[in-house]
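[1] sequence unknown, structure follows:
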């Protein structure tokens, strides 16, 4: 299962498969992010900090957390 983790040196979220870096995400990139038991389509966005957008709802990402995702690339 893939996850995203924040990389402080680049100030970006990266997608990992275990310890293997798969790619860096950019503003506007689409991902399926796990919320509870479900994966929901969202877009990664940047304002004063990074957040994911689900329709009209926004959820800010915590830089020290890891989030399970299914990238859409």
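    Now that the structure is in, tell me what you want to look at. This structure is a prediction, so every number in the text was calculated from the model and none was measured.
[2] continuing past the longest strand belonging to the chain, what's the next helix or strand?
    Looking across the chain with DSSP state E, the single longest strand is strand 38-46. Using DSSP states H and E, the helix or strand that follows strand 38-46 towards the C-terminus is strand 50-54.
[3] elements contacting the helix or strand of the chain with the lowest mean pLDDT?
    Every helix and strand in the chain was compared by mean pLDDT, DSSP states H and E; the lowest is strand 66-71, with a mean of 91. Applying 3 or more Cβ pairs under 8 Å, 6 or more residues apart in numbering; DSSP states H and E, one finds that strand 66-71 contacts strand 2-7, strand 30-35, strand 38-46. Quick note: C-beta positions are derived from backbone N, CA and C, even for glycine.
[4] would CSV of those strands with distance to residue 67 be doable?
    CSV is the format used below for the helices and strands packed on strand 66-71 (distance: least, Cβ to Cβ, whole Å):
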stretch, distance to residue 67
strand 2-7, 5
strand 30-35, 6
strand 38-46, 10
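[5] among the ones you listed, which is nearest residue 64?
    Among those, strand 2-7 comes nearest to residue 64, with 7.4 Å by Cβ to Cβ.
[6] any stretches of the protein with poor pLDDT?
    Along the chain, the parts satisfying pLDDT under 70 run over 73.
[7] residue 15 against residue 29, yeah?
    No. Between residue 15 and residue 29 there is no contact under Cβ atoms under 8 Å: 9.2 Å.
[8] gap between the nearest residue to residue 51 once chain neighbours are set aside and residue 48?
    The shortest distance from residue 51 to any non-neighbouring residue, by Cβ to Cβ, 6 or more residues apart in numbering, is to residue 60 (4.5 Å). Computed with Cβ to Cβ, to the nearest Å, the distance linking residue 60 and residue 48 is 9 Å.
[9] the residue nearest to residue 51: what's it in contact with?
    Contact partners of residue 60, counting by Cβ atoms under 8 Å, 6 or more residues apart in numbering, are 49, 50, 51.
[10] what's the answer for residue 49, then?
    Per Cβ under 8 Å, 6+ apart, neighbours of residue 49: 60, 61, 63.
[11] contacting residues for the last one?
    Counting by Cβ under 8 Å, 6+ apart, residue 63 makes contact with 6, 8, 49, 50.
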